[in-house]
Structures are given as structure tokens and as C-alpha cells.
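Colleague: sequence first, predicted coordinates after that:
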Amino acid sequence: MNKKGYFGNWGGAYIPEVLYETFKQLNQAFEQVKGDPAFWQEYIDLMATYSCRPTPLTHAENLSRHFGGGQIYIKREDLNHTGAHKANNVMGQGLLVKRMGKKRVIAETGAGQHGVATATMAAKFGFECTIYMGEEDVIRQRPNVFWMEKMGATVVPVTSGARTLKDAINEAFRDWVSSMDDTHYVMGTVCGPHPFPEMVAWFQSIIGIEARKQILNQFGKLPERVYACVGGGSNAMGIFQGFLADKAVDLIGVEAGGKGIDTGQHAARLASKDASVGVAQGYKTMFLQNDDGQMLDTHSVAAGLDYIGVSPILSDLWEKKRVRFAAATDAEVMAALDLTMKKEGIIPALESTHAFVHAFKEAPELKPDQALIINQSGRGDKDIFTIAHAFDDPSWKAFIRGKGEEYAT
Amino acid sequence: MQLEQQLGAARAQKDILLMTHLVLGYPSFEVNRQVIKQMVENGVDVIELQIPFSEPMADGPVIMMANQESIAAGATVQQCFEFAAEMAATHDIPFLFMTYYNILFKYDEEEFFKKSKEIGIKGFIVPDLPPEEGEKYLALTKKYELAPIQIFAPTSTEERMRFLADNGAGFIYCVARKGVTGKKSSFDEDFAAYMARCRAATDLPLAVGFGIADKSDVETLTGKADIAVIGTATIKLVEEKGPEAVGPFIASLR
């Protein structure tokens, strides 16, 4: 970082004046815990006893054999409590909130995983909790809404803008500018104003630290390549940090190709030529926007990747050519999901499956004595409605019709 | 004449100045034109023209929807410039641009200020650009002799206020309370203390915004502030009663 809060040319803190003092306090609190080994130990202990850390690294032998190339390893963030890597960041910020003495947490959520994780953390630590979620995502991710509400959170459907993740972020900021005295905004990804990108990346680095040790133990050497899906970029930053210093390890971020890059209906910021430099939602990065600087509607089958911007840290690593980017389409994602379930008995989230798609494309390029790691950021159970719909599954449809009739009376 | 002198001259004639706000292109440029005419004819002293942005983070529901509708109806930055040029040429009061930083950034900052200067815009309010991130913005406004209007908030410390004032010109926009635009404020003792802190931190004129809706609000501000800002109230009025309701409303405020 050169200028404070910047990663190369990217990042910063473009915040309204009313939040200046709040960010100053947050920066101070974060600087304190960052330099305190006892805090990190408290975090590790919490994740070991409340969540399921370290999460396993699974050798996907059937998939490896199927593609006949390198050995495929899967980092199992789906086995974290609440079913995704989101819990790492949230529990970390929860400990920070306790130190800051605040009583209420708010968060945005796209796929709902960050919302569920935040509601869980709030229940455990005794905080009040409000989750902002785009109306379109509330419909796409109904099971997660149910769990958030059951854990005591208030879920506010956001009806403005595109009614997706970016609009939920705007609403969370609107709440925060009046509630900051007792409220912390638990930003869910490595985006937004400084210190959020750095702070969320710090908590998520636990994934890469574990994965590097695990691959050395299980495979005896470093992987050739590491794949992760990229929405905001928190799971990717999490695992990539474990290998950034190992220059020979190729790092690949996989974005949402939606209905195809050529259709314009996608959320590929760094893997397409459609994005340009901009400043929105408090930070500078590559945004999908028009020539006037108005943000475009994005599309993905995966709510968690359906976002206009990308982590400033990833934009920097992209610009420096340390991380390369690819896109996976909705159709490719469904095919890879089907194959992974059948071959390994593992159900990745639609978001995570984007990483699988590109890893499968490239696996044959590696030799059997080489390895690649896919970060499975979350489990697919939450996507049951979307996946069943995409597979046009007859027995599921019959079940839903039956339930509908049961509730109709 | 620069903004501060222009406001100073107006202030010498009146106990308090009125500043209004509207979102360009909402509901249409034609309605904007009618509304501005009524505002000027009924004594408004300065008008803030908001160039719509798709992610208006600091705005409340009313202005946010206005931004969204304007963009959906096809308003462009180019059209906003053309319209602002017409207004500045037609009416003899200062016009300001309010927008979010991405609009300037994407337009090319130097071009944005050059063009603003050409068409007679006097100042800028950019709520998501603190001075720390606005080095180029501040340098360019100085170069083109335009006013980078800074914002004070109730959460700003005295030290922070002085720093902001040092980087500002024209006037200071004092946010009356925490929160987004358009919510009602109570003007209590805390508010009086806040205004006293603002006054102590700068010699620039003070404008107070957020939630001003009637004459008694304006009276409360007289003596404490130099400019009363009316934002959301007129947008709602146009939505409910049409542009012709704006003139009588403005006339009733002072």
C-alpha cells in the first residue's frame, strides 16, 4: 500500500463527512487488533470451537481421474458453520465489535450467506441485527431469509435500483449514517472504503494459511494453480493470500459470465472488456458502468457474484498480472455442478461452482503429479430452488405444487 | 464574481438566504425549467442542480428515487450541462452542481471544471469526496476559480471542521443531523451548540440542510445560519401538486 487505504491505484475511502469519525475509530480499532497476537489467537480458537476450522482439503480423486490431468483438491469452506467462508470474516468482525463496545450490527447480503453468517454472529454475541437484501435476491435465496429471521435478525428487502447486492450496500450505508454511534456495519466482502478491503482480507487469510499447509502435508508440494470464484472477492483473497508469495503458483479468479460475455448480461469486471475505472460505494476499482459513470445492471445465476465492482486488492493484482481472470457462464456452471455432485458427492454453491468450471477446463493441461486447488467457498443447499428450477426437476416441481396446495387452504 | 462575494452581496440585503435543490431530468428537464423559474421569481438566492447518479449513497429515499427515475428516463451528463448552461444564462443567481464523484471522474475532471466554468456554474458539492481523496478536485477548482463547497456534519470535530474549511470556498454546507437527506430535524439545544461550533470554525457563510419544510424552520435558522437549504420538500411538492405549487411555497418561507 502506498497512499493510505490504496492498493496500487485502487481502493481509498470515498466516504461522506458524517462517517469520518466512525471510520477513524474503526481504523484505530483495526490497527490495534492487527498488532495483537492474542486477538488473532482468540479468533482462531473461536473458529475451531464454534465453526469447523481448519476446514478440510479434499482430494477429488474421481474428478481428477475423469479429467485425466492434474490432481484436483477442493478446499472445503462449505463445511464452515453456516455453510460458507463468510463466517470467517463475520466472526472476526464480531470480536472487533465486542472490543469497540457497539450493540448493533447491520450488513448487506447478496446470496444471503453473509446475512446468515451475520445473523448467527449477532445471536451468539447478543447484538441486534438488521440485514439489507435486494428484493430480487430475497426471492432467489428464500431459505437464507428464513434462517436469518429465525435467528432474530430483521431482513429488509431493498426495492431501489437493480434490487441486488449493490443496492443492499447503499441501503446499509444509509442506515449507518444515522446509527453509527451504536452500530457497526459488517461489510461482507473485500470492497468498500478502507479499512474494509484490508480487514476482510485479513480475516479471510485463514483459508489460504490452512490450504498451503494442507497441500504440503497431503500432496508434498505446492499446487500449480489455485482457482476461486470472484464476486466482491473475499473467498478468492482468502485463499490467494496463502500463495501470493509463491510466485510459481498461478492464481485464477473466475467471474460470472452470466448468459455469455457477448450478451452483455454478465458480471465479469476483470475477465471482460466491459468494465472501466470508477469510484462508487466508497472505493475506486473497475466497475461495470456506462460512459456517464452510471452503473449497469449485472446478471448471474449466482446472486453472490451479481455485482458491479470488484475488490481493489484484486484489481491491483490483476493490473500487476499476479492473478488472471476468466468467466464461467450460467450454463457451464449447471453442467459443472451436476458433474461434481455425481462424481464426488459434493454440492458446491452456484457461486463456488464458477471456480470449478474453469478448473475443469484447465485440469487436463496439468500432469498427474501436479495439483490444483479449487476453493469451494460455500455449499449449494441454499440454492435448492434455483438449482431444481434450472434442472427442471419433475419430482421437485410435484413436491412444490403439493406444498402450495397444502398452504392454499 | 466568485460565489462567496455573490452570496455576501445577497446576504447584505437579507437576514437569511434560500438555497433550493433539484435533481436534473426529474421528472423532466421541462419541469425543472418551470420549477427553477418559479424559484427565482419567488426569491431563491442560489440553486443546487444535482446531476443524477445510479448509486446516490448519501441521499434518502425521495432524492434517491428521483436520481433513479431521471437516469431511467434517459438523462445524460451532457444534457445536464446543456440545461445548466441555459439556466445560468437565463437567471441572475448562482447555480451549483451537486453530484457524486464518479460523474466528474468519468467525464474527465479537468474537462468537467473547464466546461462548468464556461457555462457559468459557480460551485460544487460532492458528498462522497473528502479532501483526502480530492487533491486533483481541489487543485482544479482553484485553477478555474470555482468553489469546492465542503460539508460539516454534527460528528465533525473542531479540528476537522477547520481542516474542511481550509479546503473549502463559497460556503460551508452544514448537515443538520446524522442520516440521509430528507428526514426531519429537530432544532434543539444540541443543534444550537453545533451551529456555534460551525460558526467558530470558519468565516465562510453557513448553509444548513436536511429536512427544512416551512417558515418556522427558516425562522429558527435565521441568525444562526446564512443560508437555509430546501431539498426534498420541493421534490415532494412537485410530485404531489405539480411545478406551479413551488412558487407559493418558496414565497411562504421568508
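Modeller: Alright, I've got the coordinates.
Colleague: please report the distance of the closest residue to A:Gly112 other than its chain neighbours from B:Asp45.
Modeller: Spatial nearest neighbour of A:Gly112, chain neighbours left out: A:Asn144 (2.8 Å); criterion: Cβ to Cβ, 6 or more residues apart in numbering or on different chains. In short, each C-beta sits where N, CA and C put it, glycine included. Note on A:Asn144: its distance to B:Asp45, by Cβ to Cβ, to the nearest Å, is 51 Å.
Colleague: A:Arg174 now?
Modeller: Distance from A:Arg174 to B:Asp45, by Cβ to Cβ: 29 Å.
Colleague: may I ask you to confirm that A:Gly152 belongs to a helix?
Modeller: No - counting by DSSP: H, G, I helix; E, B strand; the rest coil, A:Gly152 falls outside a helix, being coil.
Colleague: tell me, how many residues neighbour the nearest residue to it once chain neighbours are set aside?
Modeller: Once flanking residues are discounted, A:Gly152 sits nearest to A:Ala123: 5.7 Å by Cβ to Cβ, 6+ apart. As a burial measure, A:Ala123 scores 15 neighbours (other Cβ atoms under 10 Å in any protein chain shown).
Colleague: tell me the secondary structure for A:Ala123?
Modeller: helix.
Colleague: ok, it touching A:Met151?
Modeller: Yes - the pair A:Ala123 and A:Met151 qualifies as a contact (Cβ atoms under 8 Å) at a distance of 4.7 Å.
Colleague: shaky segments in chain B?
Modeller: Along chain B, segments meeting pLDDT under 70 span B:1, B:179-187, B:210.
Colleague: centre of the chain to stretch A:397-406, how far?
Modeller: Average the C-alpha atoms of stretch A:397-406, do the same for its chain, and the two points are 33 Å apart (Cα atoms, centre = their mean, to the nearest Å).
Colleague: likewise for stretch B:189-208?
Modeller: Centroid separation between stretch B:189-208 and its chain, computed with Cα atoms, centre = their mean, is 17 Å.
Colleague: how about that stretch: buried residues?
Modeller: In terms of neighbour count (16 or more other Cβ atoms under 10 Å in any protein chain shown), stretch B:189-208 has its buried residues at B:Phe191, B:Tyr194, B:Met195, B:Arg197, B:Cys198, B:Ala201, B:Thr202, B:Leu204, B:Pro205, B:Leu206, B:Ala207, B:Val208.
Colleague: let's have these in TSV, adding secondary structure.
Modeller: Below are those laid out as TSV (three-state DSSP):
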residue	secondary structure
B:Phe191	helix
B:Tyr194	helix
B:Met195	helix
B:Arg197	helix
B:Cys198	helix
B:Ala201	helix
B:Thr202	coil
B:Leu204	coil
B:Pro205	coil
B:Leu206	strand
B:Ala207	strand
B:Val208	strand
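Colleague: could you export stretch A:231-251 as CSV, CA atoms only?
Modeller: Provided in CSV are the C-alpha atoms of stretch A:231-251 (Å, rounded to 0.1, in the frame of the first residue of the first chain):
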residue,chain,number,x,y,z
GLY,A,231,-17.9,-11.6,-6.7
GLY,A,232,-16.6,-9.0,-4.4
GLY,A,233,-13.6,-11.2,-4.0
SER,A,234,-13.4,-12.3,-0.3
ASN,A,235,-13.0,-16.0,-0.7
ALA,A,236,-10.5,-15.5,-3.6
MET,A,237,-8.5,-13.1,-1.5
GLY,A,238,-8.7,-15.6,1.4
ILE,A,239,-7.2,-18.5,-0.4
PHE,A,240,-4.8,-16.4,-2.7
GLN,A,241,-3.1,-14.8,0.2
GLY,A,242,-1.7,-18.3,1.2
PHE,A,243,0.1,-18.5,-2.2
LEU,A,244,0.8,-14.8,-3.2
ALA,A,245,4.5,-15.1,-2.2
ASP,A,246,4.9,-18.4,-4.1
LYS,A,247,5.5,-16.8,-7.5
ALA,A,248,5.2,-20.1,-9.3
VAL,A,249,1.6,-20.7,-8.2
ASP,A,250,-0.8,-19.5,-10.8
LEU,A,251,-3.8,-17.8,-9.2
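Colleague: mean confidence score for that stretch?
Modeller: Across stretch A:231-251, the average pLDDT comes to 98.
Colleague: is chain B within reach of that stretch?
Modeller: No - against chain B, stretch A:231-251 shows no contacts by Cβ under 8 Å from any Cβ of the partner chain, the least distance being 15.0 Å.
Colleague: what comes up buried for that stretch?
Modeller: Under the neighbour-count criterion of 16+ other Cβ under 10 Å, stretch A:231-251 has A:231-243, A:249-251 buried.
Colleague: ok, now stretch A:379-399?
Modeller: In stretch A:379-399, counting by 16+ other Cβ under 10 Å, buried: A:Arg379, A:Gly380, A:Lys382, A:Asp383, A:Thr386, A:Ile387, A:Ala388, A:Ala390.
Colleague: ok, now stretch B:64-81?
Modeller: Buried residues in stretch B:64-81, counted by 16+ other Cβ under 10 Å: B:64-71, B:75-77, B:79-81.
Colleague: tabulate those residues (JSON lines), appending distance to A:Val90.
Modeller: Converted to JSON lines, these look like this (distance: Cβ to Cβ, whole Å):
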{"residue": "B:Met64", "distance to A:Val90": "28"}
{"residue": "B:Met65", "distance to A:Val90": "31"}
{"residue": "B:Ala66", "distance to A:Val90": "35"}
{"residue": "B:Asn67", "distance to A:Val90": "31"}
{"residue": "B:Gln68", "distance to A:Val90": "30"}
{"residue": "B:Glu69", "distance to A:Val90": "35"}
{"residue": "B:Ser70", "distance to A:Val90": "37"}
{"residue": "B:Ile71", "distance to A:Val90": "33"}
{"residue": "B:Ala75", "distance to A:Val90": "39"}
{"residue": "B:Thr76", "distance to A:Val90": "40"}
{"residue": "B:Val77", "distance to A:Val90": "39"}
{"residue": "B:Gln79", "distance to A:Val90": "44"}
{"residue": "B:Cys80", "distance to A:Val90": "41"}
{"residue": "B:Phe81", "distance to A:Val90": "44"}
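Colleague: tell me the spacing between B:Ala200 and B:Ala147.
Modeller: For B:Ala200, the distance to B:Ala147 - Cβ to Cβ - is 21 Å.
Colleague: any regions of the stretch 1-150 of chain A where pLDDT drops low?
Modeller: The low-confidence ranges in the stretch 1-150 of chain A, as defined by pLDDT under 70, are A:1-2.
Colleague: go again using 80 as the cut-off
Modeller: A:1-3 (pLDDT under 80).
Colleague: so which helix or strand takes in the closest residue to chain A within the stretch 1-150 of chain B?
Modeller: Among all residues of the stretch 1-150 of chain B, B:Lys106 sits closest to chain A, at 3.4 Å; criterion: Cβ to the nearest Cβ. Per DSSP states H and E: B:Lys106 is located in helix B:101-107.
Colleague: how about A:Ala245?
Modeller: Per DSSP H and E, there is no helix or strand for A:Ala245.
Colleague: all the strands of the stretch 151-300 of chain A, residue numbers only.
Modeller: Ranges of strands within the stretch 151-300 of chain A are A:154-158, A:183-185, A:225-229, A:250-258, A:275-280, A:283-288, based on DSSP state E, counting those that start in this stretch.
Colleague: quick one: contacts of the first one?
Modeller: If I follow you right, that is strand A:154-158. Where contact means Cβ atoms under 8 Å, 6 or more residues apart in numbering or on different chains, the residues beyond strand A:154-158 that reach it are A:115, A:129-135, A:138, A:145, A:148-149, A:167-168, A:170-171.
Colleague: list the strands paired with it, with their directions.
Modeller: strand A:128-134 (parallel) (DSSP bridges).
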